[in-house]
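# here is a sequence with its predicted model. Questions after.
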Amino acid sequence: MLAFIARRLFQSVIVMLAVAFIAFMVFRYVGDPVSSMLGQDSTLADHAALRERLGLNEPFYIQFFSFVGNALQGQFGISYRLQQPVSQLIMERLPATIELAFASASIALVLGVVLGIYTALRPRAFSTGVIMTASLIGVSLPTFLIGIGLIYVFAVELKVLPSFGRGEVVDLGWWRTGFLTESGLRSIILPAITLSLFQLTLIMRLVRAEMLEVLRTDYIRFAKARGLSQRAINFGHALKNTMVPVITITGLQLGSVIAFAIITETVFQWPGVGSLFVNSVAVVDVPVMAAYLVFVALVFVVINLIVDILYFIVDPRLRDGAKSGR
Amino acid sequence: MTEPVLSIKDLVVEFPFRNDVFRAVSGVSFDIMPGEVVGVVGESGAGKSMTGSAVIGLIEPPGHIASGEIRLKGERIDNLPEEAKAKLRGRRIGMVFQDPLTSLNPLYTIGEQLIETIRTHLPLNEAEARQKAIDLLTEAGIPKAAERMESYPHQFSGGMRQRVVIALAIAAEPELIIADEPTSALDVSVQAQIIKVLKKLCANHGAAVMLITHDMGVIAQTADRMVVMHQGTVVETGTVGDIIRRPQEPYTIKLINSIPTIQRQAGDVAPEAAANDDGAYVQVKHLVRDFEIGGGGFLKLLPGKVEMFRAVNDVSFAIEKGKTFGLVGESGSGKSTCAKMIVGLLRPSSGQITVDGHDIWAGGAGHKERRKRVQMIFQDPYASLNPRWRVADIIAEPMRTLGLARNRTEVDHRVAELLTRVRLDPSVMRKFPHEFSGGQRQRIAIARALSSQPEFIVCDEPTSALDVSVQAQVLDLMQELQDEFGLTYLLISHNLAVVRQMSSAVGVLHNGVLVEKGPTDAIFDNPQADYTKMLLDAVPDISRVA
């Protein structure tokens, strides 16, 4: 188990270094950082001075090492646009994104798994047909359309929920949360639903397909032949086996919920990392883009690591597999 | 007269389809007395498994019992509501399935699965149930049962898992055990042990057994009475000895005659064996194959961490032109690894293989020679034919890739000829593989192997996926083709009877080592190695019925 985690960690470090390299290349070679920072009316002497101060005259690999070293300390330079440290910008906006991702992932997981099991256990029921058809709509409608549709119905016509922003937030010192105020909670409902809808339908269809597969296996037949109760078979034996592949997909989807909430954040003007990124792209704010790239990679790497460890806990066959090195 | 445990009367099981109804079981009747072992025998599709499923109430929808009755100790059970049927399962009727590798839930320890079953049926607390589970495992012949309770199914071998499955089936002391092909997925030596365990446990607990199998040998060894089924009906019922020695019905006679036996039948001419190995057509010399286990990936960087597993260890044999060499052994003995190296699918770690003097691993010219001269027939005719290709394309592929035919007409002509050779109508070449039965598919596979006009064919378990009567036909065909074209065969099988019938010389593989080789009759009648003796003793054979 330890050897397995060590190996995975080692792979993760390599992935992060590769991503850091790409981010560094973007930072260094997309446009000239010096002229971006100094603007048009600067002298050549200013350029040379800044070049020296930023270490841009150093050899390529030294620059890369200092980039990685700074990144490890959370230093990604100064945003061209906002003239603030990039790490500070991201940390300010991260709570908004994480809360939104957490809310939508919870909705997607709970509803997705429950509906998936329901439709698998009643494959012929009318309600299953309705749910499956509705889920097709969920998969095929683009996120922005769902968001705009929800805003139109609940904010414009019914006027029950706010259409943009986070509402009031409470500052806990290191974290600003919207979960503790009424307006904050009301504000998160629409974006969370919008963001979760695609994941929900995906998880539901996956759980259903896997569960139907598992219910056909020999060990389920044997469990029935042993006279176990329907409940023990469905929720004890079948569900645990269903979860193994579901964990992988769900983990990756959770990663993309955090990393690519961009569209939802834009539609609802949610002050998260995604909208920061969109605004930075518009003005070629390279340090922010590079930092965002590294951040997204980190999210995926960490989630993958957690998924691998979960696999271990769920499936005993892998525990032995790791012992023999596979 | 005592009351039967199970009484089936005029049972009919139907599967309604869109425009007609398929009768899987039509009018089956038989009784099982307390403590009796009744064998239900028949080929695939005979309805024997369906009868078992009907008794335990696990027919897959849309199948259903259309008429007839099933009585357990005189009480009618076929028309009970689902909840009442569920109460019978495990408690009064236990079931053992064919494949022990898939019938246990991989994510729970065997202790958890046993305790769960026991506590579902018996009013015991956790500790008592645990004790009972340990007792059952010990009784089923699992050493150190208390320690192994915490093991997961994948940590057991196939035979051990089947013992666990039997322990599970008998856990709540049912009156009837339905064993559906309990040993078909196991090696012969393990099979013999499992039959013993099943018989012993059922006798100890007073359970009657309905033993469903296609293997007449298993029935001969185990059952008191037998029921022969064919196409959903009972053909013949009687004591095992009576039916095997004096079968009445034509179907039973045909079935029994098509079973190969390891005894040499009178009138058979023993094929003579080669006197010396030099100049033999196929020569295998000191073949070795290692596989790496452990220390994969990251750990490979560390020295001394890589463990080797020697799957094939210094195997040498030779095959005369036009003769058949049988290679027998249990699963894991390295026989399929040998086959792969000989046809050139797997590079040997060391050793040499020559066919007609050419080293097939020499590269260049040898490679080309090998592809033309050496062909292979695989075990599973359902998996070895591409389901999206038409039969004509499947058979023509070797000709096309090796450039043996010049144009479309010539290819079609050759394919038609090959189909005739394997006793199929040439018009079937436009069909897809799923339109054929298992035996017909294996004929197609043989036609494909013949299409590059090979001289040497490696047959890896060519008939083990087939019914006995079909097996007999395929073996006959192989024999005829050998006589016709002078083919040389390497026949790999775990079925000793098939090997005895087909080969002139035999090699016995055990853990990668060739423990014994020689002329077939010498090995079968006068085995030298202990392993060979054990293997021959373990074979259930109908000719041993007293």
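Thanks, I have it. Residues are numbered from 1 along each chain as shown, chains lettered A, B, ... in the order given.
# I'd like to know the average pLDDT value across the helix or strand containing residue B:507.
Residue B:507 is part of strand B:505-510, with elements assigned from DSSP states H and E. When pLDDT is averaged over strand B:505-510, the result is 90.
# now for it, which elements pack on it?
Applying 3 or more C-beta pairs under 8 Å, 6 or more residues apart in numbering or on different chains; DSSP states H and E, we find strand B:505-510 packed against strand B:307-319, strand B:324-328, strand B:513-519, helix B:520-525, helix B:530-538. Every C-beta, even on glycine, is put in place using the N, C-alpha and C of the backbone.
# repeat that with 7 Å
Contact partners of strand B:505-510 among helices and strands, from 3 or more C-beta pairs under 7 Å, 6 or more residues apart in numbering or on different chains; DSSP states H and E: strand B:324-328, strand B:513-519, helix B:520-525, helix B:530-538.
# how far is whichever strand or helix holds residue B:244 from where the chain is centred?
Element membership of residue B:244, judged by DSSP H and E, is helix B:240-245. Averaging C-alpha coordinates over helix B:240-245 and over its chain gives two centres that are 24 Å apart (C-alpha atoms, centre = their mean, to the nearest Å).
# and for stretch B:331-342?
Averaged over its C-alpha atoms, stretch B:331-342 has a centre that lies 17 Å from its chain's centre (C-alpha atoms, centre = their mean).
# same question for stretch B:283-296.
What separates the centre of stretch B:283-296 from the centre of its chain is 26 Å, taken as C-alpha atoms, centre = their mean.
# the stretch 201-326 of chain A against chain B: which residues are in contact?
Proximity of the stretch 201-326 of chain A to chain B is assessed by C-beta under 7 Å from any C-beta of the partner chain, with A:217-219, A:221-222, A:224-229, A:232, A:237, A:240-241, A:314-317, A:320, A:324-326 identified as the residues in range.
# show me what counts as buried in the helix holding residue B:244.
The neighbour-count criterion (16 or more other C-beta atoms under 10 Å in any protein chain shown) identifies B:240, B:243-244 as the buried residues of helix B:240-245.
# on contacts alone, who are the packing partners of that helix?
Checked by 3+ C-beta pairs under 7 Å, 6+ apart, helix B:240-245 has helix B:216-222, strand B:225-230 packed alongside it.
# what average pLDDT does it get?
On average, helix B:240-245 scores 86.
# next secondary structure element downstream of that helix?
Toward the C-terminus, helix B:240-245 is succeeded by helix B:250-257 as the next helix or strand (DSSP H and E).
# run through who's touching that following helix.
Helix B:250-257 is contacted from outside by B:216, B:228, B:230, B:235-236, B:243-244, B:247, B:468-469, using C-beta atoms under 7 Å, 6 or more residues apart in numbering or on different chains.
# beyond it, next helix or strand please.
strand B:282-293.
# on that earlier part again, tell me which of the helices and strands packed on strand B:505-510 sits nearest to residue B:495.
Between residue B:495 and those, the shortest gap by C-beta to C-beta is with strand B:324-328, which sits at 8.1 Å.
# who does the closest one pair up with?
strand B:488-493 (parallel), strand B:505-510 (parallel) (DSSP bridges).
# state the number of residues packed around residue B:229.
Using other C-beta atoms under 10 Å in any protein chain shown, residue B:229 has 26 neighbouring residues.
# quick one: it from chain A, how far?
Taking C-beta to the nearest C-beta, to the nearest Å as the measure, residue B:229 falls 21 Å from chain A.
# what bits of the stretch 1-150 of chain A have low per-residue confidence?
In the predicted model of the stretch 1-150 of chain A, residues A:1, A:30-33, A:36-40, A:54 satisfy pLDDT under 70.
# so what's residue 288 up against?
By default, I'm working from chain A. A:79, A:86, A:89, A:276-277, A:280.
# hm, I was asking about chain B
Taking C-beta under 7 Å, 6+ apart, one finds B:310, B:312-314, B:348-351 in contact with residue B:288.
# closest one of these to residue B:334?
Sorting the contacts of residue B:288 by how near they are to residue B:334, with C-beta to C-beta, puts residue B:312 at the top with 4.4 Å.
# looking at the buried residues of helix B:240-245, which is nearest chain A?
Taking C-beta to the nearest C-beta as the measure, residue B:240 is the one of the buried residues of helix B:240-245 closest to chain A, at 26.2 Å.
# just confirm that closest one contacts residue B:218, I think it does.
No: taking contact to mean C-beta atoms under 7 Å, the distance of 10.8 Å between residue B:240 and residue B:218 leaves them out of contact.
# and the helices in the stretch 151-300 of chain A?
In the stretch 151-300 of chain A, the helices defined using DSSP state H, counting those that start in this stretch lie at A:182-215, A:218-225, A:230-231, A:239-259, A:262-267, A:273-282, A:286-314.
# now residue 169: closest residue in space that isn't a chain neighbour?
You didn't pick a chain, so chain A it is. Computed as C-beta to C-beta, 6 or more residues apart in numbering or on different chains, the closest residue to residue A:169 that is not its neighbour in sequence is residue A:176, at 4.5 Å.
# chain B is the one I meant
The shortest distance from residue B:169 to any non-neighbouring residue, by C-beta to C-beta, 6+ apart, is to residue B:94 (3.6 Å).
# immediately after the host helix or strand of the one you found, which helix or strand?
Assigned by DSSP H and E, residue B:94 falls within strand B:93-96. Counting by DSSP H and E, the next helix or strand C-terminal to strand B:93-96 is helix B:110-121.
# how is the closest residue to residue B:412 other than its chain neighbours classified with respect to secondary structure?
Counting by C-beta to C-beta, 6+ apart, residue B:412 lies nearest to residue B:392, which is 7.0 Å off, once chain neighbours are set aside. For residue B:392, the assignment made with DSSP: H, G, I helix; E, B strand; the rest coil gives helix.
# count of residues packed around residue B:392?
By other C-beta under 10 Å, the residues close to residue B:392 number 18.
# again with residue A:48
Under the neighbour criterion other C-beta under 10 Å, residue A:48 is assigned a count of 12.
# the one 3 residues further on now?
Residue A:51 is flanked by 14 other residues according to other C-beta under 10 Å.
# for it, what are its contacts?
Residues touching residue A:51, when contacts are defined by C-beta under 7 Å, 6+ apart, comprise A:34, A:57.
# dig out what the residue lying closest to residue B:96 once chain neighbours are set aside forms beta bridges with.
Residue nearest to residue B:96 in three dimensions, not counting chain neighbours: residue B:179, with 4.3 Å by C-beta to C-beta, 6+ apart. Bridge pairing for residue B:179 (DSSP bridges) gives the partners residue B:96, residue B:211.
# ok, residue B:179 to residue A:212 distance?
Here residue B:179 is placed at a distance of 28 Å from residue A:212 (C-beta to C-beta, to the nearest Å).
# what helices and strands are in contact with the strand holding residue B:94?
Based on contacts counted as 3+ C-beta pairs under 7 Å, 6+ apart, the elements that strand B:93-96 packs against are helix B:48-56, helix B:158-170, strand B:176-180.
# buried residues, it. List them.
Residues B:93-96 are the ones in strand B:93-96 that count as buried (16+ other C-beta under 10 Å).
# okay, the residue nearest to residue B:347 when sequence neighbours are not counted: pLDDT?
If the residues on either side of it in the chain are set aside, residue B:347 comes closest to residue B:361, at 6.8 Å by C-beta to C-beta, 6+ apart. Here the pLDDT value assigned to residue B:361 is 76.
# surely residue B:361 is in a helix?
No: Residue B:361 is assigned coil when assessed by three-state DSSP, not a helix.
# next up, the contacts around it.
For residue B:361, counting by C-beta under 7 Å, 6+ apart, the contacting residues are B:347-348, B:353.
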